[in-house]
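Structure for this input, please:
(one chain, ligands or ions: 1)
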Amino acid sequence: MTTPLLVDVFAGDRATALATALGAELLPLERRRFPDGESLVRIAADVAGRDVVLAAALDDPDPKLMTLILAADALRELGAARVLLATPYLPYMRQDARFVPGEAVAARSFARLISAYVDAVATVDPHLHRIHALSQVFSVPARVAHAAPAMAAWIAEHIADPVIVGPDEESEQWVADVAARIQAPHTVFIKTRHGDHSVTLVPRDAERLSGRTPVIVDDIVSTARTMAAAVEALRAQGYAPPWCLGVHALFVGDAWAVLSAAGPAGIVTCDTVAHPSNAIAVMPALAAAVHELLALPPCAA
Ligand code: R5P
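Model (predicted):
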């Protein structure tokens with residue numbers, strides 16, 4: 001396998017970390033906007049015959065997607081052997097069904113678009129709920145890196161007698177995994193979402209919480225209403241102030257202020273989306289997933 005080239009598409013420090021972990025040559029993507037808002041990209045390297053990894057940050061995806069597509073298409077036209085997408089956060093996965101008649105199922109549309117332009121995809125803990133595996137929507141090989149080992153290690157190092165709490169039933173997959181790795185109990189809330197900024201939570205198995213420090217674990221913190229409601233519910237029932245651990249720190253709008261005001265013991269996230277709360281490194285895990293894809297026979301990825 002020759003040394004891959006890794007092109008930085010809005011990923012910054014995460015691209016550098018990935019390139020280091022992969023032993024790849026790092027290339028910044030030359031890009032600019034024309035006065036009319038259209039994008040120009042340039043690949044300033046000879047990519048003919050090389051495997052190229054696009055390390056792309058895709059939180060707040062819409063302003064970034066056209067740049068990614070132009071870069072991927074240019075790489076193919078310039079003769080790259082394979083073009084792989086490594087995105088620490090895979091967007092659009094929560095709209096995985098037509099909840100209201102006529103809505104687009106964005107997870108499927110997004111996956112079809114990406115599959116047309118790259119040969120393989122690697123990401124960290126995509127939001128898989130009604131879609132159970134990336135292979136159901138991506139037509140190219142995909143690999144998932146998991147944040148659970150790094151989150152469990154962080155909890156073991158920093159929190160005594162934890163109980164891992166999921167804010168909704170969807171989170172049980174991550175919560176159970178994290179808890180099992182450190183022999184801690186876990187429980188989940190039952191969540192009802194009333195709108196983008198409104199959720200209510202009802203506890204399940206609350207007896208597992210007594211005498212322990214609650215650690216709320218979720219995949220995405222977007223408006224933070226889910227995390228904040230979980231903190232408020234735990235505090236209202238007299239439990240110790242909980243820690244909040246998230247994988248993908250989107251923190252849109254007033255999310256940080258709302259969650260801080262709920263009174264958690266602390267807020268810690270993985271480094272998939274750049275944010276001051278990043279304290280858990282998962283780029284080595286993503287690099288391992290990319291490495292698996294690079295090891296596939298050329299026709300498979
Ligand atoms: C939803 O099912 C996810 O796992 C998260 O719980 C959700 O995306 C969090 O959203 P928000 O921060 O807007 O409440």
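
I'd guessed Glu292 sits against Val144; true?
No - counting by CB atoms under 8 Å, Glu292 stays clear of Val144, with 10.3 Å between them. All C-beta atoms are positioned from the backbone trio N, CA, C, and that covers glycine.

what residues do these two have in common as contacts?
Ala122 (CB atoms under 8 Å, 6 or more residues apart in numbering).

Can you verify Ala80 is assigned to a strand?
No - counting by DSSP: H, G, I helix; E, B strand; the rest coil, Ala80 falls outside a strand, being coil.

mind listing what it touches?
By CB under 8 Å, 6+ apart, the neighbours of Ala80 are Val47, Ala48, Gly49, Arg50, Asp51, Val52.

Closest one to the ligand out of those residues, please.
Val52 (31.5 Å; CB to the nearest ligand atom).

That closest one in helix, strand or coil?
strand.

Next: Ser139.
Applying three-state DSSP: Ser139 is coil.

Same question for the residue in the stretch 51-200 of the chain that the ligand sits nearest to, what's its three-state structure.
Closest contact between the stretch 51-200 of the chain and the ligand, by CB to the nearest ligand atom, is at Glu170 (4.6 Å). With three-state DSSP as the basis, Glu170 sits in helix.

counting contacts, what elements does the helix or strand Leu293 falls within pack onto?
Counting by DSSP states H and E, the element that carries Leu293 is helix 283-294. Using 3 or more CB pairs under 8 Å, 6 or more residues apart in numbering; DSSP states H and E, the elements in contact with helix 283-294 are helix 13-22, strand 51-56, strand 82-87, strand 120-124, strand 142-145.

can I get those in JSON lines with distance to Arg193, mean pLDDT and mean neighbour count?
Converted to JSON lines, these look like this (distance: least, CB to CB, whole Å; pLDDT from 0 to 100; neighbours: other CB atoms under 10 Å):
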{"stretch": "helix 13-22", "distance to Arg193": "30", "mean pLDDT": "97", "mean neighbour count": "20"}
{"stretch": "strand 51-56", "distance to Arg193": "29", "mean pLDDT": "98", "mean neighbour count": "27"}
{"stretch": "strand 82-87", "distance to Arg193": "25", "mean pLDDT": "98", "mean neighbour count": "26"}
{"stretch": "strand 120-124", "distance to Arg193": "24", "mean pLDDT": "98", "mean neighbour count": "26"}
{"stretch": "strand 142-145", "distance to Arg193": "25", "mean pLDDT": "98", "mean neighbour count": "21"}
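
Ser210 - nearest residue in space that isn't next to it in sequence?
Spatial nearest neighbour of Ser210, excluding adjacent residues (CB to CB, 6 or more residues apart in numbering): Tyr239 at 7.9 Å.

so what's the one you found up against?
Leu209, Ser210, Pro214.

So which bits of the stretch 51-200 of the chain are right by the ligand?
Arg94, His127, Pro167, Asp168, Glu170, Ser171, Val199 (CB under 6 Å from any ligand atom).

residues in contact with the fifth one?
With contact taken as CB under 8 Å, 6+ apart, Glu170 is in contact with His129.

all helices for the stretch 151-300 of the chain, in order.
172-181, 225-236, 255-261, 283-294 (DSSP state H, counting those that start in this stretch).

what is the mean pLDDT for the shortest one?
Mean pLDDT, computed over helix 255-261, is 98.

related to what we said a few turns ago, the helix holding Leu293 to strand 51-56, inter-axis angle?
Between helix 283-294 and strand 51-56, the angle comes out at 140 degrees (axes from the mean of the first three to the mean of the last three CA atoms, to 10 degrees).

neighbouring contacts of helix 283-294?
By CB under 8 Å, 6+ apart, helix 283-294 touches 1, 4, 14, 17-18, 21-22, 51, 53, 84, 86, 88, 120, 122-124, 141, 143-147, 149-150, 271, 301.
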